[in-house]
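Colleague: take this sequence and fold it.
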Amino acid sequence: MKITGLEVWIFEPRPDHHEADTVTRQNGIARIFTDEGIEGVISASTSTLRALANRWAACRQHFSIEGQDPFDREMIERVLSWRFSWPTGVLGILDTGLWDIAGKATGKPIYKLLGAAKEKILAYGSTVHHSTDESFIETVLKCQKKGFTAVKLHGYGGRAANEDICLCRAVRKAVGDDFTLMIDSLVYPGPYTREEALRVGRVLDELNFWWYEDPLPKTDLDGLAEVTEACKVVQVRESDRVETINEYPEMIRRRCMDIMAGPSVFGISGLMKLAHLAEANHMNMEPHDFGAGTGGQTKSLHVALACDNTKYFEQAVPEGCFDEAIYPGVYKDPIKVDSEGYVHAPTKLGLGFEIDLEEAKKVTVERLKP
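Modeller: Numbers count the residues shown, from 1 in each chain. Got it, this is the predicted structure:
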């Protein structure tokens with residue numbers, strides 16, 4: 001089997017339901033073609049898809065992706081990374097598309113090829129960036145009623161440590177002591193100061209939160225180590241902004257985290273490497289799957305199902321806010337949480353979450369053929 005080409009479809013912009021304020025989101029898809037008629041189809045944000053199309057064309061004179069075996073993922077990534085400096089996010093989209101081809105070619109969902117560890121996994125509801133405590137509480141209570149056993153708050157962050165503390169206290173009071181809670185404090189241009197991070201951590205210990213995500217920039221290794229040591233109940237999860245696996249060894253050595261993040265820019269191959277690195281260091285690897293523009297074709301679900309050291313799948317709430325709610329009819333087989341809080345393994349081949357190409361055509365405003 002050989003790769004024969006790429007086509008990118010850019011969808012029309014639509015209102016983004018995940019932000020507190022009205023902003024625009026724009027998804028699209030990449031279609032990777034082969035000479036056997038099997039396609040890898042990936043949904044992503046249009047900025048990443050444009051970068052994929054541009055770089056695909058730019059490297060053709062010296063290394064044509066066309067003609068390569070789609071099963072040679074490591075070789076392709078090595079050449080594109082070392083010789084052409086492809087960023088991790090673009091490599092991740094290509095890697096995921098090649099895994100989709102592999103699953104379809106072998107007649108298996110991807111998690112089976114990775115080595116299935118389980119057939120279902122608990123999901124936590126990952127909130128939007130609400131602007132009031134009342135909105136957060138309303139969302140969390142809806143999640144609790146639906147069957148979720150855990151929720152992660154995307155708090156106010158930045159210089160809003162006091163507001164985040166009040167939010168966490170209010171939500172804990174609303175849901176009771178037995179419900180699992182986490183908080184993601186990374187709001188740009190930056191998360192807390194060291195003093196704020198320590199102060200928030202003490203409150204999270206008191207409130208029995210499960211994890212404390214990105215309390216400090218990934219570059220502040222001393223601060224992260226201090227916060228991780230100081231937190232006695234809540235566990236530090238770091239970092240969604242890691243760009244390469246090579247950033248993790250020093251963070252692990254200095255104990256800058258209790259839980260390793262699986263950043264959204266990584267492809268399936270990269271997430272599996274992170275999971276094994278975390279396992280070797282007696283940690284969980286909990287992948288990030290919020291705001292990545294994955295559009296229901298969720299790579300992290302396959303990785304989570306193939307790993308013993310991943311406990312939860314991240315499900316953005318309200319459900320569908322990155323895909324089917326924005327582009328109704330385009331995304332087949334959207335991931336849904338059952339009444340016990342689980343999401344189940346896909347049964348279709350490859351990624352297992354199909355795109356209705358006829359519906360996708362209706363919302364496509366541009367096609368790129370590098």
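Colleague: show me what counts as buried in stretch 303-323.
Modeller: Buried residues in stretch 303-323, defined by neighbour count with 16 or more other C-beta atoms under 10 Å: 303-307, 309-317, 319-323. To be clear about C-beta, it is placed using only N, CA and C from the backbone, and glycine gets the same treatment.
Colleague: quick one: that stretch to chain centroid distance?
Modeller: With C-alpha atoms, centre = their mean, to the nearest Å as the basis, stretch 303-323 stands 8 Å off its chain's centre.
Colleague: tell me the mean pLDDT over that stretch?
Modeller: The pLDDT scores in stretch 303-323 average 92.
Colleague: phi, psi of residue 332?
Modeller: The phi and psi torsions at residue 332 (degrees, to the nearest 10) take the values phi -80, psi 160.
Colleague: what about the residue lying closest to it once chain neighbours are set aside, distance to residue 330?
Modeller: Nearest residue to residue 332 in three dimensions, chain neighbours excluded: residue 354, at 4.2 Å (C-beta to C-beta, 6 or more residues apart in numbering). For residue 354, the distance to residue 330 equals 10 Å [C-beta to C-beta, to the nearest Å].
Colleague: surely residue 329 and residue 356 touch.
Modeller: Yes - between residue 329 and residue 356 a contact is recorded at 6.1 Å, counting by C-beta atoms under 8 Å.
Colleague: quickly list what the nearest residue to residue 364 once chain neighbours are set aside is bridged to.
Modeller: Among residues not flanking residue 364 along the chain, residue 9 sits closest, at 4.5 Å (C-beta to C-beta, 6+ apart). Beta-bridge pairing for residue 9 (DSSP bridges): residue 29, residue 367.
Colleague: my guess is residue 94 is in a helix, correct?
Modeller: Yes - per DSSP: H, G, I helix; E, B strand; the rest coil, residue 94 lies within a helix segment.
Colleague: what's the burial count for it?
Modeller: When counting by other C-beta atoms under 10 Å, one arrives at 26 neighbours for residue 94.
Colleague: so who does the closest residue to it other than its chain neighbours touch?
Modeller: Distance criterion C-beta to C-beta, 6+ apart; nearest residue to residue 94, sequence neighbours excluded, is residue 52 at 6.5 Å. Residue 52 makes contacts with 6, 8, 30, 90, 93, 94, as judged by C-beta atoms under 8 Å, 6 or more residues apart in numbering.
Colleague: and with 7 Å instead?
Modeller: Neighbour list for residue 52: 8, 30, 90, 93, 94 [criterion: C-beta atoms under 7 Å, 6 or more residues apart in numbering].
Colleague: how about residue 274?
Modeller: Here residue 274 is in contact with 245, 260, 262, 266, 285 (C-beta under 7 Å, 6+ apart).
Colleague: out of those residues, who's nearest residue 41?
Modeller: residue 266 (19.2 Å; C-beta to C-beta).
Colleague: nearest residue to that closest one other than its sequence neighbours?
Modeller: Counting by C-beta to C-beta, 6+ apart, the residue nearest residue 266 is residue 92, at 5.2 Å.
Colleague: likewise residue 54?
Modeller: In space, residue 54 is closest to residue 370, 7.1 Å off (C-beta to C-beta, 6+ apart).
Colleague: is that neighbour in contact with residue 5, as I believe?
Modeller: No - in this structure, residue 370 is not within contact of residue 5 by C-beta atoms under 7 Å, at 8.2 Å.
Colleague: in terms of neighbours, single out the busier of those two.
Modeller: More crowded of residue 370 and residue 5, by other C-beta under 10 Å: residue 370, with 17 against 14.
Colleague: how about residue 226, what does it touch?
Modeller: Shown in contact with residue 226 (C-beta under 7 Å, 6+ apart): residue 194.
Colleague: that older thread, restricted to strands, list the buried residues of stretch 303-323.
Modeller: Mapping the buried residues of stretch 303-323 onto strands (DSSP state E) picks out 312, 313, 314, 315, 316.
Colleague: turn the residues you listed into TSV, including distance to residue 42.
Modeller: Output for those, formatted as TSV (distance: C-beta to C-beta, whole Å):
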residue	distance to residue 42
312	23
313	18
314	18
315	19
316	18
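Colleague: burial check on residue 282, number of neighbours?
Modeller: Neighbours around residue 282, by other C-beta under 10 Å: 8.
Colleague: residue 221 and residue 185, how far apart?
Modeller: Distance from residue 221 to residue 185, by C-beta to C-beta: 17 Å.
Colleague: what about the two, which has more around it?
Modeller: With neighbours defined as other C-beta under 10 Å, residue 221 and residue 185 compare such that residue 185 has more, 26 against 17.
Colleague: contacts only, for that one.
Modeller: By C-beta under 7 Å, 6+ apart, the contact list for residue 185 reads 155, 157, 164, 191, 192, 200, 213, 214, 215.
Colleague: change it to 8 Å
Modeller: 155, 157, 164, 191, 192, 197, 200, 212, 213, 214, 215.
Colleague: and the residue lying farthest from the centre of the chain, how far from residue 83?
Modeller: What lies farthest from the middle of the chain is residue 61; by C-alpha atoms, centre = their mean that is 32.9 Å. As for residue 61, its distance to residue 83 is 12 Å (criterion: C-beta to C-beta).
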